[in-house]
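[1] need the 3D shape of this:
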Amino acid sequence: MFDISKTAVEETANCDLNNADDAPLLNAESKQCSITVYGPGSVPFAAAEAKRQNRLLERLRRKGKTEQSAEEQRAEQAEFLASITVSFNGFDYPPAGDATGKDLFRALYMDRKIGFITDQVQKFVGDWGNFTGSSAKS
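    Now for the predicted structure:
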């Protein structure tokens, strides 16, 4: 009999980053920068999704609508991605000052000038295949 549990995905994976022109984003040591994130099969991802859904429901109860401004949408996305980010690898984000952890991650994801990074991470976590044993780099 086939053991379906062998198809389970990894908890985390590294999202290798590219520049806005789609070339690999390399640091001073010529290593590709990446962001380690929790995947859709992980408890932290599920918790972040639940919080996002609860905020949506709360907004619906309070305002009677689900519409958000562009800035609210950006903040919601940044909050979600910050909640599932484990680490930045091979780079710093000085505009965040002394911020660490989730505050650091949120600051980067809110930065419109490097929004291509936010877009890459959002797309990456939406693909379960990125968290398979053959492609995950946990």
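[2] gap between the two ends of stretch 30-40?
    Start-to-end span of stretch 30-40 (Cα to Cα, to the nearest Å) is 30 Å.
[3] in that stretch, what's buried?
    Cys33, Ser34, Ile35, Thr36, Val37, Tyr38, Gly39 (16 or more other Cβ atoms under 10 Å). In short, each C-beta sits where N, CA and C put it, glycine included.
[4] what does stretch 15-34 give?
    Buried positions in stretch 15-34, judged by neighbour count with 16+ other Cβ under 10 Å: Cys15, Asp16, Leu17, Asn18, Leu25, Cys33, Ser34.
[5] what does stretch 40-47 give?
    Of all the residues in stretch 40-47, those buried under the rule 16+ other Cβ under 10 Å are Ser42, Pro44, Phe45.
[6] isn't the first one up against Thr36?
    No - using Cβ atoms under 8 Å, Ser42 makes no contact with Thr36, being 11.7 Å away.
[7] still on that earlier bit, and of the buried residues of stretch 15-34, the nearest to Arg55?
    For those, the minimum distance to Arg55 (Cβ to Cβ) is 24.0 Å, reached by Cys15.
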